[in-house]
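*Asks:* Pasted the sequence and its predicted model underneath.
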Amino acid sequence: MAKLVVEVLDASDLVPPKDGKGSANPYVEVEFGEQVQRTLTKPSDLNPQWNEKFVFNVTSPTQLPHATIDVVVYNDKSGGGGGHHKHFLGRVRISGSFVSWSESQALVQRYPLEKPGLFSHIRGDLALKIYAIQGFSDPFVANGVACEDVESPLQEVNTNNLEGDQDLGDKQKKKKKKQKEKESKTFYSIGNAATDGPADPPPPPPPMASAYAFQAHQMKEKAPPHVQMRADFVRAPAPPAPVMHMQVPRQNPQFGLVEARPPPVGNWMRFRGRDKMASTYDLVEQMHFLYVSVVKARDLPVMDVSGSLDPYVEVKLGNYKGVTKYLGKHQNPVWHQTFAFSRERMQSNFLEITVKDKDVGKDDFVGRLTFDTHEVPRRVPPDSPLAPQWYRLETRRGDKGRGEIMLAVWMGTQADESFPEAWHSDAHNVSHVNLSNTRSKVYFSPNLHYFRVHIIGAQDLVPSDKGRIPDTYVKVQLGNQLRVTKPSQMKTNNPIWNDELMFVVSEPFEDYIFVSVEDRLGPGKDETLGRLIMPVRNVFQRKDAARIPDTWFNLLPPSRAEEEEKKKEVKFSSKICLQWCLDSGYHVLDESTHFSSNLQPSSKHLRKPCIGYLELGIRSARNLLPMKGKDGKTTDAYCVAKYGNKWARTRTLLDTLAPRWHERYTWEVYDPCTVITIGVFDNCHINGKDEARDQRIGKVRIRLSTLETDRIYIDCHPLLVLHPSGLQKRGELELALRFTCTAWINMVAQYGKPLLPKMHYVQPIPVRHIDWLRHQAMQIVAVRLSRAEPPLRREVIEYMLDVDYHMFSLRRSKANFFRIMSVLSGITAMCRWYSQICYWKNPITTCLVHVLFTILVCYPELILPTIFLYLFVLGIWNYRFRPRHPPYMDPRLSQAEFTHPDELDEEFDSFPSAKPADIMRVRYDRLRSVAGRVQSVVGDLATQGERAQAILSWRDPRATAIVIIFALISAIVLYVTPFQVVAMLAGLYSLRHPRFRTKMPSVPVNFFKRLPAKSDQLL
């Protein structure tokens, strides 16, 4: 007899029942024919794993393709495993035609759970492996291998599917109706765990056509453990089998967001008062440091025969030692340096401060001091800084020596004002030259403006060849930005261009504008006919859409252009007419508007008032990958946060895979619909390698509008980086966030105002300029911040601002396509629901829809109130299912987890490409294939639109005549017939019973498809 084997492996992302507990006790019932079997109940688990196998009798193998396997997930309300009180969690129906007749050919498939109705909140998927076998052998020895005893702990389980379930048939169901069978308790032996080593990354899934549009994900199969069968034991659950993922696969759990810990107790109570700003340590943990401020020394003894002294101070605590700069030939040196030793790494109770004289050989001892760390005073901000004191230096024997040193020693936290500039024990092996590259700093982007120049024309140009008609164009240079106009259409000495160019300038306006009129003599050969030099600060500044006045300027020959200011009068010169201004009413875009952090205009007088504060606590990172493994080190990590024009950089923690920063930063918020970006980098400049580039570890974006006000979010965000080899997780970043609103009325009013300043809508920037201007703005910001100390380098700026976001990527194209399909899925679900209503799939629902439709037709004034009331109720209902965590970088949405390596290699290719011709040919053919499909879709849309235009255009005279006659008759009928009657008849006709329907297309559809289009006119 043939047998059907159903393996229930696991489920994911189940929806908890509406009992307020937030969890479920799921189990699965499998029904085939009249045979029913169920799994164990997994208490309080929304991602349960069963790994149980069921065997059903197949009476006739020829009827298996016409049978249906019904798999239902229930919630056991009692939690005891009885299953008498259950709640529906989802259903899967599998046709027998998809069952394979070999276990080796069967793959695990993830089936989405079906919803019972349109408005059901059921979600999740179920992993099943289904196959049929001829004859019967022990189903638990799938591969027919011999088994051995394996020592393992015993666990008591509650089953009713291990013995005799395959022979129950019809008798079992009838017997269950009469009386409840006693549940048998059986023990099973759990096999030893498999290897714990990391598995090889799976190859990319090739596409596979099936009823569910699956993609195969092939993995290496491992043989089941050898287990000896005993009378009172059954085999332990088998390891997970090879999985076949759907086109939207289950996301890897390691790429998800993890809540670090619940918010501090009393957080909500704190904001009921007037104090909107929380204390210093409610977002980060308090970290204690021993601070030593070495100020200066005096009257130091001379140690050399030459009578000179090169003093420096050595501060030592256990194995950590910090050294000041040495000052040559100075008996009264001044250092003003601060040292910070983490209390977590203190290895001694005594702090030693030694003054030494730097010498060619061994440095000479001058004097020292010793402090007991238990006697060091504690300072808590906002107390004033601790006053330094003079201390007499001691000799090696502890006697009073010569010379004094001024210093201060105290215990403080990371909130101390000396913290950013201090030498930290974490960077004890970094030289003074590179020490600044490890410090925490705050940067501000320069205030940017758009410079607009409208080049109208010129007069009295004098070319070198008098008999030649000049071919002129205008070249404008501002800093490193160079743009040219189109050649003049008028080949005369008085050309007209009427072209507009735009540039980006930054405050303070120190640059000069160079305008030159060029005559094109030949390919690559130009002649300058005149030049104009003007400082940017002299240009008119415009804050609104006022008209820019026309101005005529003198064009001087190139040799005299630099001496223009020295000339008092110019007897004759060529003229150029310009309209130029500094547009301060725009916001200069240096990042994409989809995740912009600053939407304020350039002019400070036009900016909106502050509506609140954003507080960010950069707490720690964990499980970082060693970025310097080749050098025998791990990772020197630091974080950069960008919001608005403010950049915050944490200190660099050296040689650790679990850095703990616990630094807190605050930003003013002017618009809630903005995004903060936090990136983690590996510092490659602590050894003075200026040519090195800081490596990316990961990035996190969080939109402020998705955060609840006055709530603290503490979560671990995955740090994901996309490489040509695939997606890589490089660790987790623990962040604490809080958005505090101080002006509720202004914040609510922001949702009704334009996203960008007024000038972007009154006088929009031409599309051809936007990408170029954004690139130039990024370049200016990168240059300005790279000149700071420590510099915020170009690779960091480019990664934080996503400069390559506009470049073509097949992966991003797929992601955007699936985003569109996800948006349209709601419309598709509505159409499916309407089709079920029309075809009377659920007669009760169809009758209720008929009643509601009749009421709305009879009382049309209830239509709009009903719609808005439904929206209100739906919004209130969805409040229970609102997101509880901030958004994070989603690899499944980005189509990054299973992307083909060749697509990633194309995405990371340079522009223009540097790949060989054969690879470019393959990619070009692939692009042509994709473009061909897009072309077909666009052509179909154009065809439908042209058919709609042809209704009344008399391109088909018979069709247009039919339409106008029908329109006339309809106008007369609708005039004499009440509208409610027409609406009632139309609604009842569309909702008619399936008995009165046909599978053939309707008359309007047939008529529309017969209308002519212009596709037959294409070559």
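*Replies:* Nice, I can see it.
*Asks:* What is the helix ranked longest in the chain packed up against?
*Replies:* Counting residues, the longest helix found in the chain (DSSP state H) is helix 917-949. Applying 3 or more Cβ pairs under 8 Å, 6 or more residues apart in numbering; DSSP states H and E, we find helix 917-949 packed against helix 810-838. Glycine gets a C-beta too; all of them are placed from N, C-alpha and C.
*Asks:* Rounded mean pLDDT for the helix it packs on, please.
*Replies:* Average pLDDT, helix 810-838: 87.
*Asks:* sorry, back to before: let me see the residues that make contact with the next helix or strand after the longest helix of the chain.
*Replies:* Downstream of helix 917-949, the first helix or strand assigned by DSSP states H and E is helix 957-976. Residues outside helix 957-976 that contact it (Cβ atoms under 8 Å, 6 or more residues apart in numbering): 950-954, 982, 1007, 1010-1011.
*Asks:* T854: which of those residues is nearest?
*Replies:* Using Cβ to Cβ, V982 is the member of these that sits closest to T854, with 14.1 Å.
*Asks:* what about that closest one, which SS state?
*Replies:* Three-state assignment for V982 (DSSP: H, G, I helix; E, B strand; the rest coil): helix.
*Asks:* go on, the one 3 residues further on?
*Replies:* Under the three-state scheme (three-state DSSP), the conformation of L985 reads as helix.
*Asks:* For it, give me the pLDDT.
*Replies:* pLDDT recorded at L985 is 90.
*Asks:* and what of R660?
*Replies:* Note on R660: pLDDT of 91.
*Asks:* hang on, it packs against L653?
*Replies:* Yes. Contact criterion Cβ atoms under 8 Å: R660 and L653 qualify, at 7.4 Å.
*Asks:* what's the overlap in contacts for the two?
*Replies:* Contact criterion Cβ under 8 Å, 6+ apart; residues shared by R660 and L653: none found.
*Asks:* Point out where the stretch 651-800 of the chain drops to low pLDDT.
*Replies:* The stretch 651-800 of the chain contains residues with pLDDT under 70 at 688-690.
*Asks:* the inter-axis angle of the longest helix of the chain versus helix 810-838?
*Replies:* With axes from the mean of the first three to the mean of the last three Cα atoms, to 10 degrees as the basis, helix 917-949 and helix 810-838 are set at 30 degrees to each other.
*Asks:* Show me what counts as buried in helix 917-949.
*Replies:* Across helix 917-949, burial judged by 16 or more other Cβ atoms under 10 Å covers 923, 943, 946-947.
*Asks:* repeat for stretch 701-712
*Replies:* 701-704, 706-707, 709-710, 712.
*Asks:* Near R995, how many other residues are there?
*Replies:* Here the count is done by other Cβ atoms under 10 Å, and R995 has 6 residues near it.
*Asks:* Report the secondary structure state of it.
*Replies:* Here R995 is helix, with the state taken from three-state DSSP.
*Asks:* if we can go back for a sec, out of the buried residues of stretch 701-712, who's nearest P790?
*Replies:* Taking the buried residues of stretch 701-712 together and measuring to P790 by Cβ to Cβ, the closest member is R701, at 24.4 Å.
*Asks:* where's that closest one, which helix or strand?
*Replies:* Assessed by DSSP H and E, R701 sits inside strand 695-703.
*Asks:* next SSE after that strand?
*Replies:* Following strand 695-703 toward the C-terminus (DSSP H and E): strand 712-723.
*Asks:* quick one, the helix or strand just after that following strand and strand 712-723 angle?
*Replies:* The C-terminal neighbour of strand 712-723 among helices and strands, as given by DSSP H and E, is strand 726-741. The directions of strand 726-741 and strand 712-723 differ by 150 degrees, with the same axes, to 10 degrees as the criterion.
*Asks:* Quickly check the buried residues of stretch 701-712 for the two that are furthest apart.
*Replies:* For these, the maximum inter-member distance is 21.9 Å, found between R701 and D710 (Cβ to Cβ).
*Asks:* Quick one: low-confidence residue ranges for the protein.
*Replies:* For the chain (pLDDT under 70), the answer is 19-20, 79-84, 118-119, 135-254, 259-281, 305, 428, 559-571, 631, 688-690.
*Asks:* ok, now which ones touch the residue nearest to the spatial centre of it?
*Replies:* In the chain, the centroid-proximal residue (Cα atoms, centre = their mean) is M889; its distance is 3.1 Å. By Cβ under 8 Å, 6+ apart, the residues touching M889 are 699-701, 717-718, 720.
*Asks:* out of the residues you listed, who's nearest A788?
*Replies:* The nearest member of those to A788, counting by Cβ to Cβ, is K699 at 21.1 Å.
*Asks:* Could you find the closest non-adjacent residue to the closest one?
*Replies:* Spatial nearest neighbour of K699, chain neighbours left out: G679 (4.5 Å); criterion: Cβ to Cβ, 6 or more residues apart in numbering.
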